[in-house]
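# could you look at this predicted model? Sequence included:
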Amino acid sequence: MTLKNRFALLFSLFFTLFFAVVLLIVFTLFSEYRQGDFYSRLINKVDQIYHEVDKHYKNSTELITDIDVQTTYKLINERIAVIDLNRKNVFQSSHSQPIELSDRQLEELSTTNPVYFSNKEIETVAKLFKQESAHFIVIVSAEDLYGNSKIEYLKILFYWTFSIGFILLWFFSYQLSRRALLPMDRLREKVQEITFQNLNNPIQFENKKDEISALASAFNHMLERIDKAYKRQREFTGNASHELRTPIARIGTQVENLLTEKTLDSQFKNSLKSVHEDVYHLSDVVTSLLILSRLDEGVKTDNFKPVRIDEIIFDIADKLVKIWPDFKLQFDIKNKTNDELIFDVNGDDTLLKIAMTNLFKNAYTYSDNHQVKVTYELTENTQIIQVYNSGEVPIFKDNSPMFQAFSRGDNSYDKPGSGLGLRIIQRILSYHNASIVFISPGLNQNLFEVKFNR
């Protein structure tokens with residue numbers, strides 16, 4: 001998860017929870033207020049009824065009727081009951097639905113402690129009144145229709161408020177995090193544009209006081225140190241390789257001249273041949289390092305021009321036959337398009353010759369019959385060159401990559417080489433926006449596949 005999405009998620013979760021808690025508190029407080037207000041009205045009703053009952057018994061000994069307990073206002077679905085401590089009815093306003101108290105509720109009653117309970121929408125209050133002659137319990141139940149309707153309306157209002165607020169909160173939190181972290185995205189884009197060719201180009205920011213600018217400044221200092229170290233390493237590799245070429249060439253020439261002497265004995269001549277192979281190997285390493293150094297300096301793709309890949313293949317094959325007379329090349333062509341067959345690729349002629357030479361040398365060196373099979377395949381979008389040879393499939397120790405510098409497989413223990421050939425091939429092809437992969441299609445079969453985009 002990106003930092004932007006994480007920030008938006010945490011921000012939204014926090015304020016969504018906060019918003020929900022606030023709405024729940026407001027709803028709870030309003031519900032308690034409604035209940036307390038209606039409780040006060042019920043208590044007031046109970047007190048009025050008691051005064052009416054008390055007034056009646058002071059003036060008469062007859063049973064109480066509805067007329068005797070008339071009050072100034074009437075509650076919705078109101079029911080009134082007056083009973084004594086023995087639960088004998090003194091008065092019931094509704095005989096069809098009498099009001100009854102449980103034993104626990106009777107025990108809780110006192111002159112200072114009324115009993116309140118509710119059953120769905122109906123709320124009831126009972127209060128004990130003590131007189132010298134008798135004790136009465138006045139019970140009033142009613143429905144707070146208007147208060148409950150306000151509660152229901154408040155539920156709907158809070159539901160839609162929370163739903164709309166939830167959507168708006170998540171939307172604006174994402175936009176806020178996106179806007180707040182926009183400088184970070186710009187920094188990431190500028191960092192992605194940095195290559196070894198523009199290490200000395202610092203990242204510029206308009207705002208000089210925020211944390212992003214401080215991060216960019218620290219990154220610029222790191223780039224400066226990397227650029228200096230990279231230049232020193234490249235300069236050393238290039239200079240050392242260039243200075244080594246001359247003495248190595250001289251040694252090689254002198255060894256070749258000595259090998260032409262007919263007076264040398266066979267043992268000494270074999271020793272010279274071994275030295276000559278080592279010199280050739282050392283020269284190959286130095287040349288490879290020079291090529292890598294040149295590639296590190298960058299190749300301007302604007303200077304690329306169309307190069308016929310088939311001419312490069314045949315030219316390399318002719319040169320390799322002179323070095324290895326038993327070198328054999330089989331060349332096949334596959335055209336999987338309706339277009340005219342083309343062999344042109346856009347690139348640098350010298351570099352492509354180096355890459356293909358190394359690829360053919362590698363195929364010849366590790367083949368068991370010194371035969372290299374090359375297939376050129378043209379598709380709608382790619383030009384594919386497949387270099388195939390039969391021989392032991394290489395296995396690399398410690399799972400090291402095949403195209404890593406100085407990495408060699410277990411089938412190279414008796415073969416000369418530096419482990420730079422495949423690395424050079426890959427680097428050259430990457431500069432041409434091409435790719436190379438290794439495939440083992442079967443037992444003791446090796447296939448390198450190069451793809452150029454058309």
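Perfect, I can see it now. Being a predicted model, the structure only gives us computed values, none of them experimental.
# tell me the contacts of residue 369?
328, 390 (C-beta atoms under 8 Å, 6 or more residues apart in numbering). The way it works is simple: take the backbone N, C-alpha and C, and place the C-beta from them, glycine included.
# and the helices in the protein?
For the chain, the helices defined by DSSP state H cover 3-59, 103-108, 145-180, 182-192, 211-259, 266-297, 309-323, 349-365, 421-431.
# out of those helices, nearest to residue 91?
helix 3-59 (7.3 Å; C-beta to C-beta).
# elements contacting the closest one?
Helices and strands touching helix 3-59, as assessed by 3 or more C-beta pairs under 8 Å, 6 or more residues apart in numbering; DSSP states H and E, comprise strand 79-83, strand 122-130, strand 135-143, helix 145-180, helix 182-192.
# try it again at 10 Å.
strand 79-83, strand 89-92, strand 115-119, strand 122-130, strand 135-143, helix 145-180, helix 182-192 (3 or more C-beta pairs under 10 Å, 6 or more residues apart in numbering; DSSP states H and E).
# got the angle for that helix vs strand 79-83?
Computed by axes from the mean of the first three to the mean of the last three C-alpha atoms, to 10 degrees, the angle separating helix 3-59 from strand 79-83 equals 50 degrees.
# pick out the shakiest of the helices of the chain, pLDDT-wise.
Sorting the helices of the chain by mean pLDDT places helix 266-297 lowest, at a mean of 72.
# thinking again about what came up before, redo the helices of the chain as a markdown table? Include distance to residue 335.
Output for the helices of the chain, formatted as a markdown table (distance: least, C-beta to C-beta, whole Å):
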| stretch | distance to residue 335 |
| --- | --- |
| helix 3-59 | 48 |
| helix 103-108 | 98 |
| helix 145-180 | 50 |
| helix 182-192 | 38 |
| helix 211-259 | 42 |
| helix 266-297 | 32 |
| helix 309-323 | 13 |
| helix 349-365 | 20 |
| helix 421-431 | 22 |
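# out of those helices, nearest to residue 448?
Using C-beta to C-beta, the nearest of the helices of the chain to residue 448 is helix 349-365, at 6.1 Å.
# now do stretch 255-264: everything it contacts.
Where contact means C-beta atoms under 10 Å, 6 or more residues apart in numbering, the residues beyond stretch 255-264 that reach it are 268-280.
# can you select the buried ones from the residues you listed in ChimeraX?
Burial among the contacts of stretch 255-264 is assessed by 16 or more other C-beta atoms under 10 Å; the matching ChimeraX selection reads:
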select :272,275,276,279
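# farthest-separated two in the contacts of stretch 255-264?
268 and 280 (18.7 Å).
# on that earlier part again, closest to residue 443 out of the contacts of stretch 255-264?
residue 277 (31.1 Å).
# what's the spacing between that closest one and residue 120?
Residue 277 sits 103 Å away from residue 120, going by C-beta to C-beta, to the nearest Å.
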